[in-house]
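> Output the structure for:
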Amino acid sequence: EVQLVESGGGLVQPGGSLRLSCAASGFTFNEYGMNWYRQTPAKGREMVAGIFGAGPITDYADSVKGRFTISRDNAKNMVYLQMNNLKHEDTAVYYCNARLGLSNLYNYWGQGTQVTVSS
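Next up is the predicted model:
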């Protein structure tokens, strides 16, 4: 059974930091691209950051470049999102995603973790 379990969300003041973690199981972790998405009622779901390949290669939404860092530990089947200098507009439910290439069949989601940036 595939599982992606996010943790690390919470309430933080503007300018603060949070580190999200995603524990993966049930698939060959190092073969998958790993991504973080976020969702709000206003914007829907958008990709925040992705990490894939042997480099690894990373990719970020323009809105988080320079503030967020995605990383993975293939030995532990973990992916992380370090979020610094958080802004009100980063408030969202954050989801961990695992995808094998561009497959729609092998495309898995976690249950989400709430991040609220508020003073």
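> give the contact list for the spatially closest residue to Val64 that is not a sequence neighbour.
Among residues not flanking Val64 along the chain, Val48 sits closest, at 5.7 Å (Cβ to Cβ, 6 or more residues apart in numbering). Every residue, glycine included, has its C-beta placed from N, CA and C. Residues counted as contacts of Val48 (Cβ atoms under 8 Å, 6 or more residues apart in numbering) are 35-38, 60-61, 64, 68, 81, 94.
> Recalculate using a threshold of 6 Å.
36, 38, 61, 64 (Cβ atoms under 6 Å, 6 or more residues apart in numbering).
> ok, the first one to Ser119 distance?
Right, Trp36. 24 Å (Cβ to Cβ, to the nearest Å).
> out of the two, which sits in the busier spot?
Using other Cβ atoms under 10 Å, the more surrounded residue of Trp36 and Ser119 is Trp36, with 26 against 8.
> Can you tell me the SS state at that one?
At Trp36 the chain is in strand, as set by DSSP: H, G, I helix; E, B strand; the rest coil.
> Run through the bridge partners of it.
Ala49, Cys96 (DSSP bridges).
> Would you confirm that it contacts Gln82?
No: applying Cβ atoms under 6 Å, one finds Trp36 not in contact with Gln82, separated by 10.6 Å.
> quick revisit: which one of the contacts of Val48 is nearest Leu102?
Using Cβ to Cβ, Trp36 is the member of those that lies nearest Leu102, at 17.8 Å.
> which residues does the closest one contact?
Contacts of Trp36 (Cβ under 6 Å, 6+ apart): 48-49, 81, 94.
> 8 Å instead?
Residues touching Trp36, when contacts are defined by Cβ under 8 Å, 6+ apart, comprise 20, 22, 47-50, 70, 79, 81, 94-97.
> name the helices or strands packed onto the helix or strand harbouring Val5?
Taking DSSP states H and E as the definition, Val5 sits inside strand 3-7. In terms of contacts (3 or more Cβ pairs under 8 Å, 6 or more residues apart in numbering; DSSP states H and E), strand 3-7 is packed against strand 18-25, strand 92-99.
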